[in-house]
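1. The amino acid sequence is not available; the structure is as follows:
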């Protein structure tokens, strides 16, 4: 399970947004820090916002040359979210 983050230079920092996850933003001083922060922000958003709700489909494709990076969801969190989504669909 993964989502695509758009990372772009914004002044002295790198800003991160997830086109398919409303309200999920972060930043970092370097690209590496932005990527690390992106994973943390994505996992926290999925855990807090989508707990028990259907997960949004990732419709944005990764293309690192254009600033779109694939970020993998923590495997343990992905299992929990998928099990929760199944329970919601089939109570």
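-> Structure received. This is a predicted model, so every value here is computed, not measured.

2. Helices of the protein, residue ranges please.
-> Using DSSP state H, the helices of the chain run over 31-49, 75-89.

3. For residue 8, find the nearest of those helices.
-> Closest to residue 8 of these, according to Cβ to Cβ: helix 31-49, at 9.3 Å. The way it works is simple: take the backbone N, C-alpha and C, and place the C-beta from them, glycine included.

4. That closest one: how far from the chain's middle?
-> Between the centre of helix 31-49 and the centre of its chain there are 6 Å (Cα atoms, centre = their mean, to the nearest Å).

5. now do stretch 25-34
-> That offset, for stretch 25-34, works out to 13 Å (Cα atoms, centre = their mean).

6. Contacts made by that stretch with the rest, please.
-> Under the criterion Cβ atoms under 8 Å, 6 or more residues apart in numbering, residues 7, 10, 12-18, 35-38, 40-41 lie in contact with stretch 25-34.
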